[in-house]
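> No sequence on hand, only this structure:
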């Protein structure tokens, strides 16, 4: 697509001119620590999306587990155990290059999101990894997140999507199987590599 350059926003002043100023409370809702509500919400969340950025770009990695799988260590620290997965290491690799991370916690049935931004480090301390053992297996590593910003995120998108309404979920008959998508993308990637 070649968008008309006359209508592309290119600086912060143009962006702010195009949108209204945020409500004062929207700015003030942001705090710099994990208060009692943040602790409760993180303890209830079985799913979180971890945003990272490195030299190769931006990655959003889904993370999940039992509610509270992300541990609140203190008012300024979260601990995220990392388990063996596909070993692409997209997010972890990004953290090594750029420690800034963003997290969006989702709680099934709750129509809001909960966001935490901070700086991350990766620890392979055996005692810390053992602390987060699952089925007898220690965590592969633990991401230590120093919290900078904490805030509730407007639930408008979740409400518009009607995300938690089972009646609105996609018909399984219309969804391709994960293996089908995986094989098709591997074939496309191999074909592109042969042409290069």
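Great, that's in hand. Predicted, not measured: the structure shown is a model, and the values here were computed from it. Numbering: from 1, shown residues only.

> buried stuff in stretch 131-145?
Along stretch 131-145, these residues count as buried under the neighbour rule (16 or more other CB atoms under 10 Å): 132, 138-145. Every C-beta, even on glycine, is put in place using the N, C-alpha and C of the backbone.

> what does the average pLDDT come to for that stretch?
Average pLDDT, stretch 131-145: 96.

> ditto for stretch 60-71
Averaged across stretch 60-71, the pLDDT comes to 96.

> next one: stretch 174-194
On average, stretch 174-194 scores 88.

> and that stretch, which residues are buried?
Neighbour counts over stretch 174-194 (16+ other CB under 10 Å) mark no residue as buried.

> Need the buried residues of stretch 131-145 in CSV (columns: secondary structure).
What follows is the buried residues of stretch 131-145, written out as CSV (DSSP: H, G, I helix; E, B strand; the rest coil):
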residue, secondary structure
132, coil
138, coil
139, coil
140, coil
141, strand
142, strand
143, strand
144, strand
145, strand
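
> Can you pull up the most central residue in the protein?
By CA atoms, centre = their mean, the mean C-alpha position of the chain lies nearest to residue 49, the distance being 2.0 Å.

> Mind listing the residues bridging to it?
Bridge pairing for residue 49 (DSSP bridges) gives the partners residue 62, residue 104.

> can you tell me how far it sits from residue 150?
16 Å (CB to CB, to the nearest Å).

> that older thread, mind picking the two most distant members of the buried residues of stretch 131-145?
Pairwise distances among the buried residues of stretch 131-145 were taken by CB to CB; the largest, 19.1 Å, belongs to 138 and 145.

> element containing residue 93?
helix 90-97 (DSSP states H and E).

> What of residue 14?
According to DSSP H and E, residue 14 maps onto helix 12-18.

> all strands of the protein, in order?
Taking DSSP state E to define them, one finds strands in the chain at 47-54, 57-64, 71-74, 77-82, 100-106, 113-123, 141-153.

> Take those and write them to JSON lines, including distance to residue 185.
Compiled in JSON lines, the strands of the chain are given as follows (distance: least, CB to CB, whole Å):
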{"stretch": "strand 47-54", "distance to residue 185": "21"}
{"stretch": "strand 57-64", "distance to residue 185": "17"}
{"stretch": "strand 71-74", "distance to residue 185": "34"}
{"stretch": "strand 77-82", "distance to residue 185": "24"}
{"stretch": "strand 100-106", "distance to residue 185": "25"}
{"stretch": "strand 113-123", "distance to residue 185": "28"}
{"stretch": "strand 141-153", "distance to residue 185": "27"}
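
> lowest-confidence stretch among the ones you listed?
Looking at the strands of the chain, the lowest mean pLDDT belongs to strand 57-64 (a mean of 94).
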